[in-house]
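In: Build the 3D model from these lines:
(3 chains)
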Amino acid sequence: MYPPELLYTKDHEWIRVDEEIGTIGITDHAQNELGDIVFVELPKRGDHVTAHESFGTVESVKAVSEVFSPVTGEVTSVNSRLANAPELVNQDPHGEAWFIKVQLADRSQIDGLMTSDQYEAYLAGSQSAEVTA
Amino acid sequence: MRYLPNSPADRAAMLKALGKSSVDELFEQIPAGLRLTEPLRLPGPLSESELMEYFEQVSRESARDYVSLLGAGAYTHYRPVVIDSLILRGEFLTSYTPYQAEISQGNLQAMFEFQTLIAQLTGMEVANSSLYDGSTATNEAVLMAMRLTRRERVLMARTVHPEYRQVTQTYLQHQGVHIEEVTYSASGQIDVAALEAVVNDRTAAVVVQSPNFLGALERWPAIAEIAHRHGALLVAVVSEPLSLALVKPPAEADIVCGEAQSFGVPVAFGGPYVGFLATREQFIRQMPGRLVGETRDTDGHRGYVLTLATREQHIRREKATSNICTNQALVALMVNIFMTVYGKVGLKELAKQNLAKTAYAAGQFAKHGNVLFASTPRFNEFVVQTSEDPRAINGRLLGHKMVGGLPLQKFYPELGNAALWCCTELTTRSAIDTAVGFVAESERSVRSGKEEVEEVAR
Amino acid sequence: MKPTIRKATRHVNQNEGLIFEKSSAGKAAWKLPPLDVPEVDSAKLLGAAERKDLGNMPEVSEIEIIRHFTRMSTWNYAIDLGMYPLGSCTMKYNPRVNEAVARVEGIANGHPYQPEKISQGALHIIKTLSEQLIEITGMDAITLQPAAGAHGEMTGLLMVRAYHQSKGNARKKILIPDSAHGTNPATAAMVSYAVENLKSDSRGMVDIAALEAQMSEDVAALMLTNPNTLGVFEQDIHKIADILHAKGGLLYMDGANMNALVGKVRPGDFGVDVMHLNLHKTFSTPHGGGGPGSGPVAIKKALEPFLPQPVVVTKSDGTLAFDYERPQSVGRVRAFYGNFGMFVRALAYIQANGPDGLRQTTEDAVLNANYIRNGLEGTYDLPYATPTMHEVVFSDKVQAKKGVRTMDIAKRLIDYGFHPYTTAFPLIVPGALMIEPTESESKEEMDLFIDAMKSIAEEVEEDAQMVLDAPHSTRVSRLDETAAARKPILRWKP
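Out: A predicted model of the protein is given here:
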């Protein structure tokens, strides 16, 4: 389910790091919780994003969710396809529906992120927590 | 009580089902010391006939059968009778916000038609399904421009309706915004040079009304060019939308907002009215208020739903584009019906009658008083300067059951003894002649008074 | 097949298109009288500004207009058709005499700028309604200027801010319970206050300990709906007010649920400093498909200097006038004086009822909500057992096990001839069903409603898919909201 080459956050974003460039998106779990995505708002190329801060929003018909960056850096590329085809986020959240690419300012920031196994365990844990609540 | 459907037996049966001996037991959650022990000190209950009589009585203390030459943001146009026969249908009158689209298609389709009518009238691509009124639509447009530009300076023409300016000021007072006023020139239009001098790259919006509060029509292309050159948005305000049947719409603007009361809504001492806001398609996600969109049902039938709701307060809460929850659906429906009755040709002909009456009136007034900004194109309002305080002239007109133009001292003291007059298709030639007669009489007596003084001085 | 409860809502099925699609050149529903002044050449008067073409404005005859809108009207549900139990919206009967009195010559046709001398009747209406609302709320002063509830909230918070500012510190934040309407935090943001969430306790009421811990001199006010959105009266309201007042904060009451209190208890007596009313809820002015509303704001004496201007005053000669000389006023929140036509209707409603009628109205509203609660308890999950006032909130917990959520039950309720309750609100109840019958429903109508809700609960067990596909009886079936939001079509184009 969750590709092992990606790293994950507790806010349900993923990042794939190639050299100094991080590609960021939201997880399958996140898109599933939101339902049919109707709009994605993203920063512009050249904007600065900061770790743990919101850089955009994802909207379904009745909900808005902020997207947090796992890392700090400059946006080098934005997935313009999402503007006209937000449904891609539902269809291929870990692949074609990436959100932005970021030039990493501090590679060590990815150290604290979860592996796919850890993320799956995290999901299982938080789901069982929800049931008891 | 005639509005309550339950009989004493029904109430007793319901209490019994609840295992309660009296209805007071249902209020025990309220601490006993707080509960009222005495009845409220209010009149009534009144029968229906007493109520009718009460309001008839009250209404006799207000103007009835007066001929009014007032405009200034509230216009007396003829209201076709089909408007009230349709809006009084319970299905329109007693329904609510179309949260359940399947049983609200009538309201939703009507709102979609309203959006289309307003978009076409204003020359914009899209319009929302209405706001409270013209004043609040103006401040919503300004807030929208600030979100879009992420700038904080607002330039507003001094000729925007003074109460719209006050409302915008009220709304923006805690937003860290600076509203600056741009004065008008000798033509009564915005002073383009003054605008040019103050607009800069921190300006979010340039807000201009046309016809403006002094009756003058503005030249949109020149104003738009200045605003856009500095990356500011142009907010066009319209408080007399009938003008747009005859005058080019502000298609160069980024947001067109205003008041649609002119279209079939009673003047009703100031409300309820109906604001509108129209804009370019690219800005829709920053629009305030309810939007209706077209879609399909599961069988492929065309239908309408409230859409882009994620902009709104019930989802985004403190990050919403506005705190607005309602629109003015029933009043917007009056507008829809009015515009449909007159339609493509009728609106134009109606506007032409307003233009003709006003041209005649301004011409007549000019023979005796000083019609300001006389060579600037106008629609149905104009300013007349007199020697005497217009309140005194109006006082005499009242005796003839006529309400004269709005004295402008309060809003534009720099214009001296000036009043804003308005003629619509309902203003008769004889009413105009009577009013002109009073102004002429006033000028004569002031002149002869002056002559007397001069003679004494000699 | 069990008996199904059906009511009279046959939706007429004409395929009425958009008015633009019926248009054809040469048709007209208008005729102007002859002009009694010389004709003008608009091209000459307007020059380059002249508009040549109005685009695709409709051209239709009068009979087509009547049929067009009448047909569309039949696709709406309305209070006039049956029970409309939208929680928090107070969908009560809209008396027809209200409409008649609002159309009396001299009331409907007064110009807002006509001289005060010939506006005494209109001013009398504003003043009388103000006095009566002050009596009903137990407050000291009021403004009728705000055009709707949310507008009233903003006006109220502007006054809160001005009050604190006059004491030298505007303060930083507003406390808002997690059960509040979305307008509350949105309004606080417009007045530049930070919003701090206040959690509810296990009874669905303000958690007093949490309030005590969160209250500080940074808090300008608590915005509280009372009864709250669960239909529960905040029993500790006095304690809440004391906690706020002890630190100089103000208690703002969202009066959306005032229909539970009129004639029984007054907010002014339980420590409220500022509150708004919704004339379109409590005082029977028509909702009209979403508006016009009217949101007067009542306040205690200490806030009076900050009222929006103008206010109506009595002059020394006994006549009424507008007072604009209010140096500490928060300003104007709307052009002219507010939704005057709604004042007329509310005044008619109050006087038609009188003190006893208003009290009986409140008692019936509360009795009705309790009757529905009693009828549906056991069938639907009741997350909070605290006593119910004018509305009751269930959850879809039981039905969700079959994959049926509150919105699905709502859609099925349409097939039974009822307007659904409010879905998915308040946010503290997952899958909420918020039911407010108001006093306007008879026992008979409510028995039908209870039977319908029970029948749907059975259907969920037997044939959940049928419920998920509801409604089955309407002119259109469920509409694709996702498509509408992805590619918005907001107007007709030729």
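
In: Can you show me the helices along chain A?
Out: Using DSSP state H, the helices found in chain A span residues A:28-34, A:81-84, A:88-91, A:116-132.

In: Ok, the stretch 51-200 of chain C next?
Out: Taking DSSP state H, counting those that start in this stretch to define them, one finds helices in the stretch 51-200 of chain C at C:62-73, C:96-102, C:120-137, C:149-166, C:183-190.

In: Could you confirm whether the last one reaches chain B?
Out: Right, helix C:183-190. Yes - under the criterion of C-beta under 8 Å from any C-beta of the partner chain, chain B is reached by helix C:183-190 at C:183, C:185-190. Heads up, the C-betas are built off the backbone N, CA and C, glycines and all.

In: List the contacts of that helix.
Out: With C-beta atoms under 8 Å, 6 or more residues apart in numbering or on different chains as the test, helix C:183-190 has contacts from B:171, B:174-175, B:313-314, B:316-320, B:322-323, B:325, C:149-150, C:153-154, C:157, C:173-174, C:176, C:194-195, C:223, C:225, C:254.

In: So what's the model's average confidence on the helix or strand harbouring B:Glu225?
Out: B:Glu225 is located in helix B:220-229, with elements delineated by DSSP states H and E. Here helix B:220-229 scores 97 as its mean pLDDT.

In: Now do the buried residues in it.
Out: Using 16 or more other C-beta atoms under 10 Å in any protein chain shown as the burial criterion, the residues of helix B:220-229 that qualify are B:220, B:223-224, B:226-227.

In: quick check, nearest of the residues you listed to A:Gly22?
Out: When the buried residues of helix B:220-229 are compared for distance to A:Gly22 (C-beta to C-beta), B:Ala227 wins out at 39.7 Å.

In: quick revisit: mind giving me JSON lines with the residues of helix C:183-190 next to chain B and columns for neighbour count and pLDDT?
Out: Converted to JSON lines, these look like this (neighbours: other C-beta atoms under 10 Å in any protein chain shown; pLDDT from 0 to 100):
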{"residue": "C:Thr183", "neighbour count": "28", "pLDDT": "87"}
{"residue": "C:Pro185", "neighbour count": "25", "pLDDT": "90"}
{"residue": "C:Ala186", "neighbour count": "26", "pLDDT": "88"}
{"residue": "C:Thr187", "neighbour count": "35", "pLDDT": "91"}
{"residue": "C:Ala188", "neighbour count": "28", "pLDDT": "93"}
{"residue": "C:Ala189", "neighbour count": "21", "pLDDT": "89"}
{"residue": "C:Met190", "neighbour count": "23", "pLDDT": "88"}
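
In: How many neighbouring residues does the residue of the stretch 51-200 of chain C found nearest chain A have?
Out: Proximity to chain A, evaluated over the stretch 51-200 of chain C using C-beta to the nearest C-beta, is greatest for C:Gly182 at 11.9 Å. For C:Gly182, the neighbour count with other C-beta atoms under 10 Å in any protein chain shown is 20.

In: Name the nearest of the buried residues of helix B:220-229 relative to chain A.
Out: Ranked by distance to chain A (C-beta to the nearest C-beta), the buried residues of helix B:220-229 are led by B:Ala227 at 22.8 Å.

In: I figured that closest one hits B:Leu234, correct?
Out: Yes - at 4.4 Å, B:Ala227 and B:Leu234 qualify as touching, with contact defined as C-beta atoms under 8 Å.

In: what about chain A, any weak spots by pLDDT?
Out: Residues of chain A meeting the criterion pLDDT under 70: A:127-133.

In: re the thing from before, can you dump the C-alpha atoms of the helix holding B:Glu225 in PDB for me?
Out: The C-alpha coordinates for helix B:220-229 follow below in PDB (Å, rounded to 0.1, in the frame of the first residue of the first chain):
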ATOM      1  CA  TRP B 220     -14.100  53.300 -16.600                       C
ATOM      2  CA  PRO B 221     -11.300  52.600 -19.100                       C
ATOM      3  CA  ALA B 222      -9.100  55.500 -17.900                       C
ATOM      4  CA  ILE B 223      -9.600  54.500 -14.200                       C
ATOM      5  CA  ALA B 224      -9.000  50.800 -14.900                       C
ATOM      6  CA  GLU B 225      -5.800  51.600 -16.700                       C
ATOM      7  CA  ILE B 226      -4.400  53.500 -13.700                       C
ATOM      8  CA  ALA B 227      -5.400  50.800 -11.200                       C
ATOM      9  CA  HIS B 228      -4.100  47.900 -13.300                       C
ATOM     10  CA  ARG B 229      -0.800  49.600 -14.100                       C
END
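
In: who does that helix touch, helix- and strand-wise?
Out: helix B:192-198, strand B:203-209, strand B:233-238 (3 or more C-beta pairs under 8 Å, 6 or more residues apart in numbering or on different chains; DSSP states H and E).

In: Out of the ones you listed, which gets nearest to chain C?
Out: Nearest of those to chain C, taken as C-beta to the nearest C-beta: strand B:233-238 at 11.6 Å.

In: for the residue in the stretch 151-300 of chain B positioned nearest to chain A, helix, strand, or coil?
Out: Relative to chain A, the nearest point of the stretch 151-300 of chain B is B:Arg285 (7.2 Å; C-beta to the nearest C-beta). Here B:Arg285 is helix, with the state taken from DSSP: H, G, I helix; E, B strand; the rest coil.
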